[in-house]
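Asker: dropping a prediction and its sequence here:
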Protein chains: 4
Amino acid sequence: MNFTSDNEAPAHRAMIEAVGRANEGFATAYANDAWSRALDERFSRVFDTDCHVLPIATGTAANCVAIAELSPPWGAVLCHQLAHIHNDENGAPEFYSAGAKLVPLAGDDGKLDARTLASAIDGAGTHGVHNVKPSVVSITQATECGTTYRPEEIRAIAEATHDRGLHLHMDGARFANAVEHLGCHPAETTWKAGVDVLSFGATKNGALTAEAIVVFGHPDWLEGMARRRKRAGHLLSKMRYVSAQLLAQLDDDLWLDIAGRANARAAQLARGIDAGPHASLHWPVESNEVFMKATPEKLAELKEKGFLFHIWPGHDDLARLVCSWATSEEDVSAFLNALDS
Amino acid sequence: MNFTSDNEAPAHRAMIEAVGRANEGFATAYANDAWSRALDERFSRVFDTDCHVLPIATGTAANCVAIAELSPPWGAVLCHQLAHIHNDENGAPEFYSAGAKLVPLAGDDGKLDARTLASAIDGAGTHGVHNVKPSVVSITQATECGTTYRPEEIRAIAEATHDRGLHLHMDGARFANAVEHLGCHPAETTWKAGVDVLSFGATKNGALTAEAIVVFGHPDWLEGMARRRKRAGHLLSKMRYVSAQLLAQLDDDLWLDIAGRANARAAQLARGIDAGPHASLHWPVESNEVFMKATPEKLAELKEKGFLFHIWPGHDDLARLVCSWATSEEDVSAFLNALDS
Amino acid sequence: MNFTSDNEAPAHRAMIEAVGRANEGFATAYANDAWSRALDERFSRVFDTDCHVLPIATGTAANCVAIAELSPPWGAVLCHQLAHIHNDENGAPEFYSAGAKLVPLAGDDGKLDARTLASAIDGAGTHGVHNVKPSVVSITQATECGTTYRPEEIRAIAEATHDRGLHLHMDGARFANAVEHLGCHPAETTWKAGVDVLSFGATKNGALTAEAIVVFGHPDWLEGMARRRKRAGHLLSKMRYVSAQLLAQLDDDLWLDIAGRANARAAQLARGIDAGPHASLHWPVESNEVFMKATPEKLAELKEKGFLFHIWPGHDDLARLVCSWATSEEDVSAFLNALDS
Amino acid sequence: MNFTSDNEAPAHRAMIEAVGRANEGFATAYANDAWSRALDERFSRVFDTDCHVLPIATGTAANCVAIAELSPPWGAVLCHQLAHIHNDENGAPEFYSAGAKLVPLAGDDGKLDARTLASAIDGAGTHGVHNVKPSVVSITQATECGTTYRPEEIRAIAEATHDRGLHLHMDGARFANAVEHLGCHPAETTWKAGVDVLSFGATKNGALTAEAIVVFGHPDWLEGMARRRKRAGHLLSKMRYVSAQLLAQLDDDLWLDIAGRANARAAQLARGIDAGPHASLHWPVESNEVFMKATPEKLAELKEKGFLFHIWPGHDDLARLVCSWATSEEDVSAFLNALDS
């Protein structure tokens, strides 16, 4: 049974079907097809505000096109020290931005804290042209630790960010899981809380490969973003297949339905771990990721029994267990049984 | 009827099916799945030599990851003045390579000539550190003009290239069309002729989105290419869907079958144009692209009748007509009838 | 006798003295010294308009900081095909701009022609995001061919440039020679004619190493330029020595006096060549550079006699002879005698 | 009295004289002059090994040309968290390297510790292509805290570095001060201890502007370094003035003599501070920098009395006092008197 990553699950049937349906006849290339052109309006309805959407194939590309547009080459991008953009993208933000500097900050449960952030911004750049210039704050929703920011936490961060002339980016690789967990309107955790641009992730949420850069306001950013996407080789000639997946996710709240299944399995897993004697929860479970503390021996035992999951780098007693829409109740029960035995 | 681009055609049914079949169960992420891991062996069989393959989503990304690995930031990349990398990628090669310079050269029928090339290389870089350093030659097979290089032409180019210490890249966005037209073994027009790295295109050839960087020899290039692919956000987490398309293309020579259909329609179109009084062929038709000269009035008339095609930039009497696997004999006949009427 | 380059001449005595005088006591570092802070006002007086000045050590750095500020990474920089930025800076503009593309244009006597330029801009970028975006025009005053643009020529170029939304940069490595030759006010050939930013060269004009980026209007460019200068390692801690040279050049029109000496020697050389039977002038002599046609044998003979000069790359019958303030009447006479014998 | 920075002191008389002497007659441009060509041999004698030297105008440029050559764009450069390359160069290493990531590490007294370093390298890059790749270690001698590494400390760092396949760079902006303080041979603290490339600083040590990249072994790095220097606009046409200063510094150990004067004043200052009741030394004084703890009131009082120095960013009770060759015994006494009153 595979708890390695939601990236390893098969795509949701509806996504395969959407791709098949999009394959009817000829369509204008390079995101000028009907599916891609429908995205602005569709996302605007979902987010309850005018927004502009650039479909793109990967989360790294979505994050980096956005960040590079918001930060000059001499900018500083402040983020949590566990952020994907800092640790897992092989310097992609630096590549796209022509050399901006990522500034990792500490914070409980994988979350940036508005006060820490404000103080970091205030302390940076005091030496003028000798220092990089704080330009962007990037937060991850849900976080790398499986936790989620509540709207008021984001508002505080956005205030610290905007008061100091910076922009706020949200890496939403697991945005659906966060919104489903919070039970709030997607607007509450984005533009209403002060987010300027969102990397909306669908790939981890059952798509084959489909992400979207969602820009709230700031039409002046669109040309640069479109140029950066093209220059990076991310303007797919047959973008319709990506856009069709995005549209299908938004139909009848399918995106939240898919995320809800994954979240429910994570919750089931968390309850079981918490109830048992052999392991404990390391961080609050607020999306589809569960971080479980157990002895290295116990973790090795589970691996031997065929359960697949990551050991957290540098922590041999910490396992990351990711659920997806394809994780079944039985999978989770089997894991919990193995844990307890 | 749409002759705008093979990019606008629907994907071939076999590609959709391959994606569906690849959607079984969990698979390791980031190109460590079974489909992606099978590529080296499969391409090696097709090309009749050991080769290394990096699947990737777009031709621009394939070209630029390859070129950036072969050229230092101060390198010069020599190519035909009509080359896609020079004209249609918004400076993507410059972006990926951190500022290499593309040097466009003239050449009949969209083809580089070995002598022109040799003389351009010899004339460049004579002022040492003050000049950019000729590093890569990039040719397109089939060319932007719909022509194809014969193996001996490539051998001459490769000799001029390698004798001067440069490497040879082939942009094979329409590689299948070229091989099918030439009727030769794919090895003859690539490594046996001296090509070091090929951007193997499947997207224009009926895939949804699937390309491959095929490296002949040079295992020392692989780490850098893998790093560049990741840094550009092109290491898809669910690469299996791309790789499955590539594998399906190579099954039973499907790639050549698809290309053959498109080429046949282009040939039909060419014969009709050539036979009629209203238009003429501008370049030899040696793949799935037809360049037709006609009066601007005639071209406008065809557009009014609903035929879609590009007018060549800066030439109001030159139309580009692209056939795909989805172009039918009837489509072509309809066009020819309209032309003659 | 050395006619290789004005770069090879010793610095003018006044420059050495200026450096010595600037060495009194402590001075704030990083261009916050009194000399550097005086530049804006001093240049504003000389150019008869408010301008902002960034001192910098080399012409390449001046050109590239300016161009990178005016062009996005996906910009096209249009220049003459003989331009130093295109041929002799090893891709420095591409490096500073994160990959902009230089577009070389033909033009008689080393000069861009407004009509050619307008047509090149109009023909570029018609394919939107697929093409690089024309952003900057860069002209050289005096040109690589030793000719100079008359103010009305620059006005026509500026009009073609600004009408199309681009900015105009002037590489003034030999600006003093041009102004002295034209006998006009420096404003006439810069901002009054529509130049947005000037690389003001002093190094070739007798300084040790001293250049200045002179910005006309556009205070919004200053932060980016200052950041780019710093990031490139060009914000000298002891900038006072550079700025002191610039100030000393402007004292009592010393810059024009130095340039006048070089120009006078070039004129003497041109008259002699023109009068004799063994050689001819290839381009009009309008600054301190003379391009002389002669047989390769004659040129070899002159070299054997100890005269130093460049053979123009690719033209074995074309010699470039550069005069400097340190070239004496006797040097020129000796050369002419050798030529005639 | 100015204790702000050794950058603010006037140049040493011998430097001005060296520049004057270098101004005799014509000299080949672009570092092909006699002074520049003499550097390899002269530095090789001083360092008692074959070394290759690239003269350059600033320390930032020296550091960044070296680091960019040693690190791929996806490399990680490990350094102390107070390192100049990380904090004070506005992202210049990121710019030159096309986006490498600087990894700041903690360490007492401004020094990297071999064990911390080894563990940081071992912990990084474990996720392959997803992580940046540890490539370079950069240490500063003397450090930003005014301390110096003893040769055995460098040997331990070099061992941790080389054992893991990385290269070792030394930022020697105050290298002369360190060597003079240590009283060792310059080889002992560089190549004999495992340093691969040194940024040899002369500007802070009494030059007008003169630094050198000194490469020990590794002739394969030279072309790339020369290319990077040119591309950054740092290949001065009249390099002779820079090289002449470097040569003059090495004559009769002038560099150590100049550094010794500055170090002696720092030692005098340190003794006085240590002896008095109003302040204390924050870090060991092992070069020409003194870090003094005192109440903010006391520091403000000293400033009011006209003493110039930096307050350490974020620490209002910590003053940095820098001595130079131009600091007199009387200056120091005056400061100490003011402190004690």
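Answerer: In hand now; what should we look at? Remember, it's a predicted structure, so these values are computed and weren't measured experimentally.
Asker: residue contacts, A:Asn63?
Answerer: Listed by Cβ atoms under 8 Å, 6 or more residues apart in numbering or on different chains, the contact partners of A:Asn63 are A:His84, A:Ile85, A:Glu89, A:Ala92, A:Pro93, A:Ser138, A:His169, A:Asp171, A:Ser199, B:Gly233. Placement of C-beta: from N, CA and C, glycine included.
Asker: can you narrow these down to the ones near chain D?
Answerer: Intersecting the contacts of A:Asn63 with the surroundings of chain D, defined as Cβ under 8 Å from any Cβ of the partner chain, gives A:Glu89.
Asker: just the ones of the contacts of A:Asn63 in strands?
Answerer: Among the contacts of A:Asn63, the residues falling in strands (DSSP state E) are A:Ser138, A:His169, A:Asp171, A:Ser199.
Asker: where neighbours are concerned, which of the residues you listed has the most?
Answerer: A:Ser199 (30 neighbours; other Cβ atoms under 10 Å in any protein chain shown).
Asker: quick check: bridge partners of that residue?
Answerer: Partner residues in beta bridges with A:Ser199, using DSSP bridges, are A:Asp171, A:Ile213.
Asker: residues of stretch A:179-189 that come out buried?
Answerer: Neighbour-count burial for stretch A:179-189, counted by 16 or more other Cβ atoms under 10 Å in any protein chain shown, picks out A:Val179, A:Glu180, A:His181, A:Leu182, A:Cys184, A:Pro186, A:Ala187, A:Glu188, A:Thr189.
Asker: meant to ask about stretch A:274-282, not that
Answerer: A:His278, A:Ala279, A:Leu281, A:His282.
Asker: where does A:Ser341 land on pLDDT?
Answerer: Note for A:Ser341: predicted pLDDT of 85.
Asker: no, scratch that, I was asking about A:His84
Answerer: 98.
Asker: enumerate the residues of chain A near chain C.
Answerer: In this structure, chain A approaches chain C at residues A:30, A:72-74, A:98-99, A:129-130, A:133, A:224, A:226-228, A:230-231, A:235, judged by Cβ under 8 Å from any Cβ.
Asker: and A:Tyr30, how many neighbours?
Answerer: 18.
Asker: my read: it touches A:Met239, true?
Answerer: Yes. Using Cβ atoms under 8 Å, A:Tyr30 is in contact with A:Met239, at 6.7 Å.
Asker: show the pLDDT at the closest residue to A:Gly99 other than its chain neighbours.
Answerer: In space, and not counting its chain neighbours, A:Gly99 is closest to D:Glu94: 3.4 Å by Cβ to Cβ, 6 or more residues apart in numbering or on different chains. D:Glu94 is assigned 98 on the pLDDT scale.
Asker: about what we covered before: between all of the buried residues of stretch A:179-189, which two are separated the most?
Answerer: Greatest spatial distance in these: A:His181 and A:Ala187, 16.1 Å, computed using Cβ to Cβ.
Asker: B:Pro219: which of the buried residues of stretch A:274-282 is nearest?
Answerer: Once Cβ to Cβ is applied, the member of the buried residues of stretch A:274-282 that ends up nearest B:Pro219 is A:His282, at 41.0 Å.
Asker: for C:Asn337, see how far away that closest one is.
Answerer: 90 Å (Cβ to Cβ, to the nearest Å).
Asker: over to A:Thr295?
Answerer: 96 Å.
Asker: same check, this time on A:Ala156
Answerer: According to Cβ to Cβ, A:Ala156 and C:Asn337 sit 84 Å apart.
Asker: neighbour count: those two, which is higher?
Answerer: The residue with more neighbours, out of A:Ala156 and C:Asn337, is A:Ala156; 20 against 12, by other Cβ under 10 Å.
Asker: residues contacting that one?
Answerer: Going by Cβ under 8 Å, 6+ apart, A:Ala156 touches A:Ala114.
Asker: at the geometric centre of chain A, which residue sits there?
Answerer: Per Cα atoms, centre = their mean, the C-alpha nearest to the average position across chain A is that of A:Ala173, at 1.9 Å.
Asker: just give the nearest non-adjacent residue to that residue, would you?
Answerer: Once flanking residues are discounted, A:Ala173 sits nearest to A:Gly201: 4.1 Å by Cβ to Cβ, 6+ apart.
Asker: run through the residues that contact the one you found.
Answerer: A:Gly59, A:Ala62, A:Gly172, A:Ala173, A:Arg174, A:Phe175, A:Ala176, A:Glu211.
Asker: from the residues you listed, which single one is nearest chain D?
Answerer: Distance to chain D, by Cβ to the nearest Cβ, is smallest for A:Gly59 among these, at 12.5 Å.
Asker: number of residues surrounding that closest one?
Answerer: Neighbours of A:Gly59 (other Cβ under 10 Å): 27.
Asker: touching, it and A:Phe200? I think so.
Answerer: No. Contact criterion Cβ under 8 Å: A:Gly59 and A:Phe200 do not qualify, at 9.3 Å.
Asker: who touches both of these two?
Answerer: With Cβ under 8 Å, 6+ apart, A:Gly59 and A:Phe200 have common neighbours A:Glu211.
Asker: point me to the residue of the stretch 151-300 of chain A nearest chain B.
Answerer: The minimum distance from the stretch 151-300 of chain A to chain B, using Cβ to the nearest Cβ, falls at A:Gly233 (3.2 Å).
Asker: hmm, back to that, what's the distance between the residue nearest to A:Ala173 and chain C?
Answerer: According to Cβ to the nearest Cβ, to the nearest Å, A:Gly201 stands 24 Å off from chain C.
Asker: need the max-distance pair from the contacts of A:Gly201.
Answerer: The span of these, defined through Cβ to Cβ, is set by A:Ala62 and A:Ala176 at 14.3 Å.
Asker: how about the contacts of A:Asn63 in TSV, adding distance to C:Val46?
Answerer: Formatted as TSV, those follow (distance: Cβ to Cβ, whole Å):
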residue	distance to C:Val46
A:His84	53
A:Ile85	48
A:Glu89	50
A:Ala92	47
A:Pro93	44
A:Ser138	47
A:His169	46
A:Asp171	52
A:Ser199	51
B:Gly233	50
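Asker: ok, so of the contacts of A:Asn63, who is nearest D:Ala14?
Answerer: A:Pro93 (47.0 Å).
Asker: how about the helices in the stretch 51-200 of chain A?
Answerer: Assigned by DSSP state H, counting those that start in this stretch, the helices in the stretch 51-200 of chain A fall at A:59-70, A:84-87, A:92-96, A:114-123, A:151-163, A:175-182.
Asker: of the ones you listed, which is nearest D:Ala38?
Answerer: helix A:92-96 (38.9 Å).
Asker: packing partners for that closest one?
Answerer: helix A:59-70, strand A:101-105, helix B:222-231 (3 or more Cβ pairs under 8 Å, 6 or more residues apart in numbering or on different chains; DSSP states H and E).
Asker: make it 7 Å
Answerer: helix A:59-70 (3 or more Cβ pairs under 7 Å, 6 or more residues apart in numbering or on different chains; DSSP states H and E).
Asker: what's the closest of the contacts of A:Gly201 to chain C?
Answerer: Taking Cβ to the nearest Cβ as the measure, chain C lies nearest A:Ala62 of the contacts of A:Gly201, at 17.1 Å.
Asker: residues touching the nearest residue to the closest one once chain neighbours are set aside, list them.
Answerer: Excluding the flanking residues, the one nearest A:Ala62 by Cβ to Cβ, 6+ apart is A:Ser199, at 3.9 Å. Taking Cβ atoms under 7 Å, 6 or more residues apart in numbering or on different chains as the criterion, A:Ser199 is in contact with A:Gly59, A:Ala62, A:Asn63, A:Ala66, A:Met170, A:Asp171, A:Gly172, A:Ala173, A:Glu211, A:Ile213.
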